[in-house]
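[1] Let's see this in three dimensions:
(one chain, ligands or ions: 1)
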Amino acid sequence: MDHRLPATREMAQEFSELFVNRRAYTIQSMRPHPESGRHYYYRPKPRDGGEPVAVTIETVRRHLAGELTIGIYAINPATQRCKWMAIDADYKTALEDLIKVQRQLQDDGIEAALEKSRRGGHLWILFETPVLAREARIYIYHVASKLDVQVKGTGLADGIEIFPKQDELRREEFGNAIRGPLGVHWGARESRGWRYWFYGADYKLEDQLAYLKRIEKVKQEHLQRMIAGKAIPQEFAQHARRTECPKYFHSKAGEFRILEYVEVKRQAGRNWITRCPSCAAQGNDRSGDNLAISVEEPRKYCCWAGCTKEMIRAALGRPVSDRRLA
Ligand SMILES: [Zn+2]
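    Sure thing, here's the model as predicted:
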């Protein structure tokens with residue numbers, strides 16, 4: 001079965017208006033990885049270390065034509081906004097969960113488009129104008145919580161995945177990409193490539209695009225009404241918080257601030273995690289996770305391997321005995 005279809009620049013333009021929110025993108029490898037057999041996505045590398053490769057109308061046209069498959073990023077870090085939100089579900093009861101969510105959205109006055117996938121599907125919400133990723137996420141986390149639909153990443157292997165996966169990004173960050181709708185999935189076994197369609201229209205590019213253009217786009221005010229007074233539910237908060245801007249709320253000039261000496265690797269619960277400088281000086285803590293720094297109060301930190309504050313300060317060349325630095 002041939003997965004290639006004629007696609008025009010006009011189609012690509014329409015698709016871009018709906019789904020392209022920033023110019024960075026990924027491409028799915030057509031060849032399976034020799035060991036895992038999986039078809040990974042990678043970000044096209046700039047030639048000679050030049051400007052990052054930006055998605056063009058021609059790239060999108062080829063995606064629709066089935067010549068290549070792109071992955072798209074939700075958040076534009078210049079605005080922290082997204083044009084769409086997607087819920088990815090891929091497990092035994094995925095489709096049931098997606099339909100449950102879709103029905104709840106409908107009750108909330110939000111039309112969502114369901115796209116097939118291998119085991120489950122992707123449920124897409126389109127916004128009239130780009131909305132803050134954080135606000136979109138608050139809404140969908142509450143829907144999931146209300147319906148008792150599991151979200152992946154809370155210690156559970158199965159569950160829905162929400163794109164955007166972050167509330168905010170730094171300028172140089174990308175977040176997570178998802179397969180662009182209507183694209184060919186090279187890993188599907190049925191053929192050398194398989195296209196998944198939206199349930200809402202005939203399985204032709206023209207009809208699918210017309211359907212996507214027609215469905216009601218969610219207004220920002222509507223979203224904001226739905227989340228009034230809400231925040232990300234407590235159990236998900238740690239996945240949503242950005243990890244790159246730890247803050248001291250009050251501090252004195254010359255005060256020792258550990259965060260100026262270490263680079264935070266990630267957040268785990270109420271702590272930032274990174275390599276302990278004292279362990280590192282002895283060639284230990286290769287996994288780089290011995291030091292925990294309190295998110296709420298970054299003056300508090302401790303090494304799980306037992307290094308004392310004095311040892312850590314000494315390793316950083318700012319010994320505690322130096323009164324100036326108290
Ligand atoms: Zn240590």
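
[2] Pull the contacting residues for Asp97.
    Listed by Cβ atoms under 8 Å, 6 or more residues apart in numbering, the contact partners of Asp97 are 89, 120, 147, 149-150, 160. Glycine gets a C-beta too; all of them are placed from N, C-alpha and C.

[3] Do a quick rundown of the strands in the stretch 101-250 of the chain.
    Secondary structure of the stretch 101-250 of the chain (DSSP state E, counting those that start in this stretch): strands at 113-116, 121-132, 161-163, 177-179, 184-185, 194-195.

[4] Could you export those strands to CSV, including columns for mean neighbour count and distance to Arg31?
    Putting these into CSV (neighbours: other Cβ atoms under 10 Å; distance: least, Cβ to Cβ, whole Å) gives the following:
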stretch, mean neighbour count, distance to Arg31
strand 113-116, 20, 24
strand 121-132, 20, 24
strand 161-163, 21, 25
strand 177-179, 21, 17
strand 184-185, 21, 14
strand 194-195, 19, 16
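
[5] nearest to Trp304, of those strands?
    strand 161-163 (30.4 Å; Cβ to Cβ).

[6] For that closest one, which helices and strands make contact with it?
    strand 81-89, helix 133-147 (3 or more Cβ pairs under 8 Å, 6 or more residues apart in numbering; DSSP states H and E).

[7] what do you get if the cut-off is 10 Å, keeping everything else the same?
    Helices and strands touching strand 161-163, by 3 or more Cβ pairs under 10 Å, 6 or more residues apart in numbering; DSSP states H and E, are strand 81-89, strand 121-132, helix 133-147, strand 177-179.

[8] of the ones you listed, which approaches the ion most closely?
    The ion sits nearest to helix 133-147 of all the helices and strands packed on strand 161-163, at 34.9 Å, using Cβ to the ion.

[9] Also compute the angle for that closest one relative to strand 121-132, please.
    Between helix 133-147 and strand 121-132, the angle comes out at 140 degrees (axes from the mean of the first three to the mean of the last three Cα atoms, to 10 degrees).

[10] tell me which residues of helix 133-147 are tucked away?
    133-144 (16 or more other Cβ atoms under 10 Å).

[11] Distance check, the residue lying closest to Lys265 once chain neighbours are set aside against the ion.
    Using Cβ to Cβ, 6 or more residues apart in numbering and skipping residues adjacent in sequence, the residue nearest Lys265 is Thr274, 4.7 Å away. According to Cβ to the ion, to the nearest Å, Thr274 and the ion sit 11 Å apart.

[12] which residues pair with Thr274 across the strands?
    Counting by DSSP bridges, Thr274 is bridged to Leu291.

[13] Spell out the residue ranges of the helices in this structure.
    9-19, 57-65, 94-107, 133-147, 205-214, 220-226, 237-240, 277-281, 309-315 (DSSP state H).

[14] what's the least confident stretch among those?
    Lowest mean pLDDT of these: helix 237-240, a mean of 60.

[15] quick one, what contacts the residue of the stretch 1-150 of the chain found nearest the ion?
    The ion sits closest to Pro77 of the stretch 1-150 of the chain, with a gap of 34.0 Å, by Cβ to the ion. Pro77 makes contact with 22, 24, 133, 166, 168-175, according to Cβ atoms under 10 Å, 6 or more residues apart in numbering.

[16] switch the cut-off to 6 Å
    Residues near Pro77 by Cβ atoms under 6 Å, 6 or more residues apart in numbering: 169, 171.

[17] likewise Tyr91?
    Tyr91 touches Asp158, counting by Cβ under 6 Å, 6+ apart.

[18] at 10 Å what do you get?
    Each residue near Tyr91 by Cβ under 10 Å, 6+ apart is listed here: 97, 119-120, 150, 152, 156-160.

[19] And it, how far from Phe198?
    Separation of Tyr91 from Phe198 (Cβ to Cβ, to the nearest Å): 20 Å.

[20] and what of Glu168?
    For Glu168 relative to Phe198 (Cβ to Cβ), the value is 30 Å.

[21] Compare these two and say which is more crowded by neighbours.
    Between Glu168 and Phe198, counted using other Cβ atoms under 10 Å, Phe198 has the larger neighbour count: 22 against 18.

[22] No further queries at this time; thank you.
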